[in-house]
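Participant: Build the 3D model from these lines:
(4 chains)
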Protein chains: 4
Amino acid sequence: MPTETSSQPGPRTNEADSRRFSISVRVYYEDTDVAGVVYYANYLRFIERARTEWLRDAGFELAQIQNELAAVFVVRRVEADYHRPARLGDLLSVSCEPIEVGRARLIVRQRVEKNGELLFAAVVTLAYIAADLSGPRAMPPAMRAAMLVRSETEKVLKQ
Amino acid sequence: MPTETSSQPGPRTNEADSRRFSISVRVYYEDTDVAGVVYYANYLRFIERARTEWLRDAGFELAQIQNELAAVFVVRRVEADYHRPARLGDLLSVSCEPIEVGRARLIVRQRVEKNGELLFAAVVTLAYIAADLSGPRAMPPAMRAAMLVRSETEKVLKQ
Amino acid sequence: MPTETSSQPGPRTNEADSRRFSISVRVYYEDTDVAGVVYYANYLRFIERARTEWLRDAGFELAQIQNELAAVFVVRRVEADYHRPARLGDLLSVSCEPIEVGRARLIVRQRVEKNGELLFAAVVTLAYIAADLSGPRAMPPAMRAAMLVRSETEKVLKQ
Amino acid sequence: MPTETSSQPGPRTNEADSRRFSISVRVYYEDTDVAGVVYYANYLRFIERARTEWLRDAGFELAQIQNELAAVFVVRRVEADYHRPARLGDLLSVSCEPIEVGRARLIVRQRVEKNGELLFAAVVTLAYIAADLSGPRAMPPAMRAAMLVRSETEKVLKQ
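Facilitator: So this is what the prediction gives:
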């Protein structure tokens, strides 16, 4: 049962689209359920890892945002489609691309793929709010600019 | 810091609507994150508990469905809106009501409330498929009938 | 596949030992893994639910401890034995009994049983520390007293 | 708030000890709780990822073991010490080294470190059993040999 050495988790750029950010995620026992596949809530964990690394790639860490800017991103809406199941040991590509970068709102499209096959897709709406959850905050201009530079298309709306 | 004895988790019928099924869910440390609120993926765990108990209330257990009927319910689509955050120690009411009961497809509306205030709402589309994931299966008529009896309105579609 | 109405989750006293505190925990899909049983880390979630309800039963809520007393319990050590696996749909009894109640340290014995059969047992050492994690704090005397009253045996050490 | 580019998750060999296997694990929101640190059960998820990658590094994948050899590793005992908390955004080193490689039993020592500082340590006892959980199985000789080659010291017992 020797196995080929698999590529290891870590951010990479999708070959098919050099501007889409993605990370690799390995499926472990913790992610699966008795039906033999990844438990449906865990895809939301996977795509948050990709959002976090996408933001880190743009120069911003969530811990610093919370501690130094006293702000957090909170999810307002998720639309998720489950196309095919991921299984134990799969090496997944999890992408994040912004489709709207507003003053206090961010909408991203996220995909989970295995060997180029789409397993899961979601559109996630996030709000940028005060860390005490008291209300919306404006994202720093540098943060928005870094997000826009990393957008896949020219069509990202700048509200 | 004495606390009033809280009502305990367990299925109950919503007072405001005697036909909507709901369970109580307590928020523990495991459910929260460093932002101080329930982690967004965990609402999907809460609503699956309500779906499971709703089905058990209808006379069907998921373990028996998998082992004896060789079938499983898998999630195909989730549309979720996060209205207000739940916090450590909250006692939540989590409901499940069918809005479409097809031959091999089930669509349910689910709500998470705290003291009557809506925190989270989702519409979840599930498929009833073979346990080996090979394709759709028809739900047993008794299962569909039990679901329809528990539907909140007369408008549930019978495809 | 009709099922008997199962007893519902909620604190109860073990019949065999009227002084041992326990809660009921239902096993859902979220708790299982592809091996068909409860994932090993999830027993730590179950026993923390029992610790939390045991403390609530004693008149103390963790959210209030964190917000009003500026303190938290943190786990220092776990010794856990996995005897038999729990499975999807199982209704488990999860107990908590103190075996040492010190000034800033608490040691509890916790068991997970199914129909009186022991599945999992652990001894958990917790420290009571400042909420900013700066160092140990003395538990309020009323808290320690309430814990001691709920101890199963007379042998609990009062350091 | 620009951040240095951090090294990315992936197996690596500990510099201080060229024979100890470790992987890097990033702490995400999913791993934390409202106390501001990594939730105690989640260290068991981290160390299982390291065990899985250590085994993959030895040429064995858990999915293949389950599907082709009809066997699984199950945890029998965990002794875990929590020394210092990990926090959101931390990049952790998680190691795995065998301390006993028996016919149907494996004992490993696992450590979670941050910048060389020990945060968490555990000794985990695993059994190699039939996938239907019917009883112990003997590990294939090639598996045991690969484990022994990867042991840190010469003192690993060969029962």
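Participant: Isn't A:Val108 up against A:Val123?
Facilitator: Yes: the pair formed by A:Val108 and A:Val123 meets the contact definition of CB atoms under 8 Å, at 7.4 Å. The way it works is simple: take the backbone N, C-alpha and C, and place the C-beta from them, glycine included.
Participant: what residues are shared contacts of these two?
Facilitator: With CB atoms under 8 Å, 6 or more residues apart in numbering or on different chains applied, the overlap between the contact sets of A:Val108 and A:Val123 consists of A:Ile99.
Participant: of these two, who's got more company?
Facilitator: Here A:Val108 and A:Val123 are compared on neighbour count by other CB atoms under 10 Å in any protein chain shown; more neighbours surround A:Val108, at 23 against 16.
Participant: any idea how far the more buried one lies from D:Glu30?
Facilitator: Applying CB to CB, to the nearest Å, one obtains 17 Å for the distance of A:Val108 from D:Glu30.
Participant: Same check on A:Tyr28?
Facilitator: Here the criterion is CB to CB. By it, A:Tyr28 lies 13 Å from D:Glu30.
Participant: what's the closest non-adjacent residue to A:Val74?
Facilitator: If you skip the residues right next to it in sequence, A:Val74 has A:Ala127 as its closest partner in space, 5.4 Å away by CB to CB, 6 or more residues apart in numbering or on different chains.
Participant: Kindly apply the preceding question to A:Ala71 instead.
Facilitator: Once chain neighbours are set aside, the closest to A:Ala71 by CB to CB, 6+ apart is A:Arg137, at 5.0 Å.
Participant: Report the contact partners of the one you found.
Facilitator: Counting by CB under 8 Å, 6+ apart, A:Arg137 has contacts A:71, A:104, A:128-130.
Participant: pLDDT at it, what is it?
Facilitator: Model confidence at A:Arg137, given as pLDDT, is 97.
Participant: now check the helix ranked longest in chain A, is it near chain B?
Facilitator: The helix that spans the most residues within chain A, counting by DSSP state H, is helix A:42-57. Yes: using CB under 8 Å from any CB of the partner chain, helix A:42-57 reaches chain B at A:42, A:44-45, A:48.
Participant: Can you get me the start-to-end distance on stretch A:52-63?
Facilitator: Distance between the two ends of stretch A:52-63: 10 Å, counting by CA to CA, to the nearest Å.
Participant: next one: stretch A:99-112
Facilitator: Its start and end residues considered, stretch A:99-112 measures 17 Å (CA to CA).
Participant: List the buried residues in that stretch.
Facilitator: Buried residues in stretch A:99-112, counted by 16 or more other CB atoms under 10 Å in any protein chain shown: A:99-102, A:105-112.
Participant: and the nearest residue to A:Gly89 once chain neighbours are set aside, helix, strand or coil?
Facilitator: Distances taken as CB to CB, 6+ apart place D:Ala63 nearest to A:Gly89, at 3.8 Å, with adjacent residues excluded. At D:Ala63, secondary structure determined by DSSP: H, G, I helix; E, B strand; the rest coil is helix.
Participant: and D:Ala63, how far is that from chain B?
Facilitator: Per CB to the nearest CB, to the nearest Å, D:Ala63 is found 15 Å from chain B.
Participant: can you check A:Ala121 too?
Facilitator: A:Ala121 sits 10 Å away from chain B, going by CB to the nearest CB.
Participant: Pull the contacting residues for that residue.
Facilitator: A:80-81, A:83, A:109-112.
Participant: now, which of these lie within strands?
Facilitator: A:80-81, A:109-112 (DSSP state E).
Participant: Out of these, flag the one nearest to A:Val149.
Facilitator: Ranking the ones in strands among the contacts of A:Ala121 by separation from A:Val149, with CB to CB as the measure, puts A:Arg109 on top at 16.8 Å.
Participant: Enumerate the residues of chain A near chain B.
Facilitator: Where chain A comes near chain B, counting by CB under 8 Å from any CB, the residues are A:34-37, A:40-42, A:44-45, A:48, A:66, A:72, A:74-82, A:85, A:131, A:133.
Participant: Can you tell me which of those residues are classed as buried?
Facilitator: A:34-37, A:40-42, A:44-45, A:48, A:66, A:72, A:74-76, A:78-82, A:85.
Participant: Checking my notes, A:Ser95 in a strand, right?
Facilitator: Yes: counting by three-state DSSP, A:Ser95 is located in a strand.
Participant: Please look at it and A:Glu113 and confirm they touch.
Facilitator: Yes: assessed by CB under 8 Å, A:Ser95 is found in contact with A:Glu113 at 7.4 Å.
Participant: So A:Ala86 lies in a strand, does it not?
Facilitator: No: counting by three-state DSSP, A:Ala86 falls outside a strand, being coil.
Participant: Let me see the contact set for it.
Facilitator: Under the criterion of CB under 8 Å, 6+ apart, the contact partners of A:Ala86 comprise A:27, A:31, A:37-38, A:43, A:92, A:112, A:114, A:119-120.
Participant: Now, these that are in helices?
Facilitator: Members of these lying in helices (criterion: DSSP H): A:Tyr43.
Participant: interface residues of chain A facing chain C?
Facilitator: If contacts are counted using CB under 8 Å from any CB, the residues of chain A sitting beside chain C are A:29-30, A:32-37, A:39, A:41, A:87-88.
Participant: With distance to D:Ala58 and pLDDT as added columns, please give those in TSV.
Facilitator: What follows is the residues of chain A next to chain C, written out as TSV (distance: CB to CB, whole Å; pLDDT from 0 to 100):
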residue	distance to D:Ala58	pLDDT
A:Tyr29	17	97
A:Glu30	20	97
A:Thr32	21	97
A:Asp33	27	96
A:Val34	27	94
A:Ala35	29	92
A:Gly36	24	93
A:Val37	26	96
A:Tyr39	27	98
A:Ala41	31	98
A:Arg87	21	97
A:Leu88	17	96
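Participant: Out of the residues you listed, flag the one nearest to A:Val149.
Facilitator: Scanning the residues of chain A next to chain C for proximity to A:Val149, where the rule is CB to CB, the winner is A:Ala41, at 31.9 Å.
Participant: correct me, but that closest one touches B:Leu44?
Facilitator: Yes: in terms of CB under 8 Å, A:Ala41 counts as a neighbour of B:Leu44; the distance is 3.7 Å.
Participant: quick one: average pLDDT of the longest strand along chain A?
Facilitator: Counting by DSSP E, the longest strand found in chain A is strand A:117-130. For strand A:117-130, the per-residue pLDDT values average out at 98.
Participant: now the angle from it to helix A:42-57?
Facilitator: With axes from the mean of the first three to the mean of the last three CA atoms, to 10 degrees applied, the angle from strand A:117-130 to helix A:42-57 works out at 60 degrees.
Participant: Could you report the pLDDT at the closest residue to A:Leu88 other than its chain neighbours?
Facilitator: Taking CB to CB, 6+ apart, and ignoring the residues beside it in sequence, A:Leu88 has D:Ala63 as its nearest neighbour in space, at 4.4 Å. Looking at D:Ala63, its pLDDT reads 94.
Participant: can you pull the contacts of D:Ala63?
Facilitator: For D:Ala63, the contacting residues are A:87-89, taking CB under 8 Å, 6+ apart as the criterion.
Participant: Which element, helix or strand, includes A:Ala146?
Facilitator: When elements are assigned from DSSP states H and E, A:Ala146 belongs to helix A:141-149.
Participant: what's the neighbour count on A:Asp33?
Facilitator: Using other CB under 10 Å, A:Asp33 has 23 other residues around it.
Participant: no, scratch that, I was asking about A:Pro141
Facilitator: The burial metric for A:Pro141, expressed as a neighbour count using other CB under 10 Å, is 9.
Participant: now it: how far from chain C?
Facilitator: The span separating A:Pro141 from chain C equals 32 Å under the rule CB to the nearest CB.
Participant: Buried ones only from the contacts of A:Arg137, please, as a PyMOL command.
Facilitator: Here the buried members of those are turned into a PyMOL selection, burial being counted by 16+ other CB under 10 Å:
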select buried, chain A and resi 71+128+129
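Participant: ok, of the contacts of A:Arg137, which one's closest to B:Ser22?
Facilitator: The closest of the contacts of A:Arg137 to B:Ser22 turns out to be A:Ile129 (CB to CB; 28.7 Å).
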